[in-house]
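Visitor: With the input below, show me the fold.
(2 chains)
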Amino acid sequence: MVSSRMRVYLMCWLFAVAALGIIVLQYVRIDNALGDTSLLTGYALYTTLVFLALFNLRKRLSMLPLGRASTWFALHIVIGLLSVVLFWLHTGTFWSLGLYEQVLMLLFYGACLTGITGYAIQRIIPARLIQTEYEVIFERIPGEIAEIRAEVESLILRCTDVSGADTLARHYTETADWYFRRPRFLLSHVFGTQAGEHWLHQNIGIVRRYLRDSELPYLDRLYELGQRKNRIDQHYALQGLMKIWLLAHLPLSTGLITLATWHLIIVHVYAL
Amino acid sequence: MADVVSVARPQRWDTPFGPDMTDADVDELLRRPEIASIDLDRFPAHTPLAGILRNDTRLVRFAPGDIVVREGDYGNSAFLILDGGMRVVIAPSLPRNLLGRQVVERKGFFDSVAQLWRNSWVPEIRDRPGESSRMVRDADLRGSARAFLQDIPAIIDQHRTASISAGTLFGELAALGRIQRTATVFAETDTLALEIRWQGLRELRKYDEGWRRQIDATYRANALKNHFEENALFKGLRSQALEKIVETTLFETYGSFDWHASYRQMRQTGGDVLDDEPVIAREGNYPDGLLLIRAGFARVSVKLGNGRRTLTYLGAGDHYGLSALYDGWKSGEAGALDTTLSALGYVDVLRVPAGMLEEHLFPILTPAEVPRVGELVARSLDEDALMEWAVEERYVNATQAMLIDLQKCTRCDDCVRACAATHEGNPRFIRHGRTFDNYMVANACMHCIDPVCLIGCPTGAIHRSVESGNVIINDDTCIGCATCANSCPYDNIRLVEIREETGAVMTDPETERPIMKATKCDLCEGQLGGPACVRACPHDAMHRIDFRELEEAAKQW
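Guide: Sure, this is the predicted structure:
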């Protein structure tokens, strides 16, 4: 059965390809008549850029029945990809010579690349987050880590009180404290390697042989808390990645729209 | 080994309904004709009538105009008028604003857009208490406030009402059947009433023939025939046959009316829910009648290995045991039940005797109309895992559970922002909750079929919307008592401190405590386009669903 998501994408592709087909036909007609095609492709491209920017506006107008954001998102993806074709059709080159054009192209390519990267991140990361079998709200992560650290520290103190030995406490202050202080091994989590888990296993393992029997349950609990912290770190890295790409995409897109508008004004003032 | 602490086992009457009831009150009640006619010897030693009166009832005084029960409310108690008089509003119903209900008007386009600049950065801004406070009588020392009607003569003049006097019992069907009150009753004069909570009412009905006859007769006369007529199984029966069935049907109740309290406790402490569920019919036993679910939910399970596997769950209008009875009648040999039926929290059951079915229903029933569990048993554990989880977590109670597909959700919080944008800047749910595989049920009001949060609201502020059926809170009449928030088994109602536009927290001048209001998802009642959260999700990860429709709906996602 075709899911509603696929149906929406299919419709968007049909619509976008049809629109592009009409523009290309018109382009060929003007070109064959030895006319200027840049106005057609330029306005078509500018319209798509404005439409792409409207997606952000739609998000802010969630109180109005402006259609589902998922439909807008599908259109954003499809039209965004087709705008690359329009862009090449308009510029007729992969890299222009003029400085202003080069800045425009840089912004366009930047917005496209960050957009495609963002889309890939959004499709891949959620599935990886499920595999942690843990769920946490991004903004609560510092609080969660602080809670774990407080529990670990009280555990270490209890261990010292009960066993009368400070081996685990010394080991904690020398090395493990570093791990529990803030999110660690972020790049490893982004690339899906197990550096955090490996470090934890190693760090717990090296002290085990020096502990008394009465200290071992505390070490095991420390390991459990460390594993929980590792999963939270994973969320911090991956959820952070899902947010951070927008910090590149949005400024690039804003810059692109601004310069494209200026470009349009300049063309109308001096070239027509 | 863990330390063991010895404590007294909790008893049923540890928390009396009315803590102020005295022995003198009980003696006085025992002399009243409605109570004096009860045969004391029929009550077991552990549940004497005096104990019921002492612990399951309370004396309530109403001033003229006080609303005793509101049409549409859910309640867990009935009232016996002892002294004074009340009026029941027959038609037309009282306007919703008089009952403390919210009249939600759909926003226009410009009002919707204006939310962009009208929403404040300060959370939970409210106007100073005004109109609403005039509808709620001040809380007494026990903290109970009450909505009241100001102009009784005008109400009597404009509405058809009936007078009810001392000796009248009302509200028993809503209390026992967990259904909405069908009419509004208010005090006409200074009135003393005996409020009987459902547990006491159940015992009175169980041990006293007179009370049982009265309650059952009211139910049979008012609701039972309709219930059968609405059930597809009995559609083909003639009126006379239906009446005979109505006459012989037995009423049964399983589980606890207050299931949400024990369920919350169980969720916090862990434990196997299935072990505590009261069994209604057991696998392998012979059925003596068809069980019809009238209210609540029941789990159908089979033994599997060392545990029990949930095949499905039944809700109001569903029936159980038909195939075993029908096969037995066809073959002439008694057929055993192939599944177990147990109560999910609280369930109200009608038992139609087998003899009645054999005489009236089976002759017109074709084998194809008899549902079988074979198809359900053939499904793999994996196919049913989500449903098993939903039953375990009691999410089956939901009509609008907020289900998030974590496989698609990018945690962008557009849903939360959309919710805030449509609620004066205050989100009404938390994008967090219990998870199973790639699904999460977020902490958003599920607009339950059995809305336990509605029980006990002293002002009727939390209610079901007449238009949409959604459970909503009238902010104006909410007194912040937290009854609803404490009752919600899913922690989906939040109490918030209200503020002035300056950001200052409003406090009660007498106690200097902050004034609280209960808040929750209202499914964007009054907003254009329905729930903003669902529409705002760019990845179609969020859905508002009824778990009964989950499988079909999931195919579309």
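Visitor: Who are the contact partners of the residue in the stretch 101-250 of chain A that chain B sits nearest to?
Guide: Proximity of the stretch 101-250 of chain A to chain B (Cβ to the nearest Cβ) peaks at A:Gln122, 4.7 Å away. Every C-beta, even on glycine, is put in place using the N, C-alpha and C of the backbone. Contacts for A:Gln122 (Cβ atoms under 8 Å, 6 or more residues apart in numbering or on different chains) come out as A:Met242, B:Thr410, B:His539.
Visitor: and which of those residues is nearest A:Asp161?
Guide: Closest approach between the contacts of A:Gln122 and A:Asp161, by Cβ to Cβ: A:Met242, at 43.0 Å.
Visitor: Tell me, how many residues neighbour that closest one?
Guide: A count of nearby residues for A:Met242, using other Cβ atoms under 10 Å in any protein chain shown, gives 20.
Visitor: Against B:Ser331, how distant is it?
Guide: Distance, A:Met242 to B:Ser331, by Cβ to Cβ, to the nearest Å: 62 Å.
Visitor: Where does pLDDT dip in the stretch 201-350 of chain B?
Guide: For the stretch 201-350 of chain B, the stretches with pLDDT under 70 are B:269-275.
Visitor: Tell me which stretches of it form strands.
Guide: Ranges of strands within the stretch 201-350 of chain B are B:250-255, B:279-281, B:289-304, B:307-314, B:319-320, B:340-353, based on DSSP state E, counting those that start in this stretch.
Visitor: So which of these is nearest chain A?
Guide: Taking Cβ to the nearest Cβ, strand B:307-314 is the member of the strands of the stretch 201-350 of chain B nearest to chain A, at 22.0 Å.
Visitor: Quick one: name the residues of the stretch 101-250 of chain A near chain B.
Guide: Residues of the stretch 101-250 of chain A found near chain B (Cβ under 8 Å from any Cβ of the partner chain) are A:Gln122, A:Ile125, A:Pro126, A:Ala127, A:Leu129, A:Ile130, A:Glu135, A:Ile137, A:Phe138, A:Gln239, A:Met242, A:Lys243.
Visitor: wait, B:Gly84 sits on B:Thr191?
Guide: Yes. Using Cβ atoms under 8 Å, B:Gly84 is in contact with B:Thr191, at 3.0 Å.
Visitor: Got phi/psi on residue 23?
Guide: Using chain A. Per-residue torsions, A:Ile23: phi -60, psi -40 (degrees, to the nearest 10).
Visitor: for B:Leu59, same thing?
Guide: Reported as degrees, to the nearest 10, the phi and psi values for B:Leu59 are phi -90, psi 130.
Visitor: ok, it - contacts?
Guide: Contacts for B:Leu59 (Cβ under 8 Å, 6+ apart) come out as B:Gly18, B:Asp20, B:Met21, B:Asp25, B:Leu82, B:Leu192, B:Ala193, B:Leu194, B:Glu195.
Visitor: Surely the last one is in a helix?
Guide: In other words, B:Glu195. No. Per DSSP: H, G, I helix; E, B strand; the rest coil, B:Glu195 lies outside any helix segment and is strand.
Visitor: In this structure it contacts B:Val60, no?
Guide: Yes. Between B:Glu195 and B:Val60 there is a contact at 5.1 Å, judged by Cβ under 8 Å.
Visitor: list the residues that contact both of the two?
Guide: B:Phe79.
Visitor: The residue of the stretch 301-450 of chain B at minimum distance from chain A: how many residues sit nearby?
Guide: Taking Cβ to the nearest Cβ, chain A has its nearest neighbour within the stretch 301-450 of chain B at B:Ala418, 3.5 Å off. Each residue near B:Ala418 was counted by other Cβ under 10 Å, and the total is 25.
Visitor: where's it, which helix or strand?
Guide: Here B:Ala418 is covered by helix B:414-421, with elements defined by DSSP states H and E.
Visitor: Quick one: name the residues of the stretch 151-300 of chain B near chain A.
Guide: Counting by Cβ under 8 Å from any Cβ, the stretch 151-300 of chain B has no residue next to chain A.
Visitor: low-confidence ranges in the stretch 1-150 of chain B?
Guide: If you take pLDDT under 70 as the line, the stretch 1-150 of chain B has these spans: B:1-12, B:102, B:128-145.
Visitor: Show me where it has its helices.
Guide: Secondary structure of the stretch 1-150 of chain B (DSSP state H, counting those that start in this stretch): helices at B:23-31, B:33-36, B:49-56, B:109-118.
Visitor: got those helices as TSV, with mean neighbour count and distance to B:Tyr254 columns?
Guide: What follows is those, written out as TSV (neighbours: other Cβ atoms under 10 Å in any protein chain shown; distance: least, Cβ to Cβ, whole Å):
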stretch	mean neighbour count	distance to B:Tyr254
helix B:23-31	13	29
helix B:33-36	14	27
helix B:49-56	22	19
helix B:109-118	13	47
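Visitor: anything in contact with each of B:Gly84 and B:Thr191?
Guide: The contact sets of B:Gly84 and B:Thr191 overlap at B:Phe62 (Cβ under 8 Å, 6+ apart).
Visitor: pretty sure B:Ile156 is in contact with B:Arg87, am I right?
Guide: Yes. Counting by Cβ under 8 Å, B:Ile156 touches B:Arg87, with 6.9 Å between them.
Visitor: Name the residue in the two with the higher neighbour count.
Guide: Using other Cβ under 10 Å as the criterion, B:Ile156 and B:Arg87 rank with B:Arg87 on top: 21 against 14.
Visitor: burial count for the residue lying closest to the more buried one once chain neighbours are set aside?
Guide: In space, and not counting its chain neighbours, B:Arg87 is closest to B:Thr161: 4.5 Å by Cβ to Cβ, 6 or more residues apart in numbering or on different chains. By the criterion of other Cβ under 10 Å, B:Thr161 has 22 neighbours.
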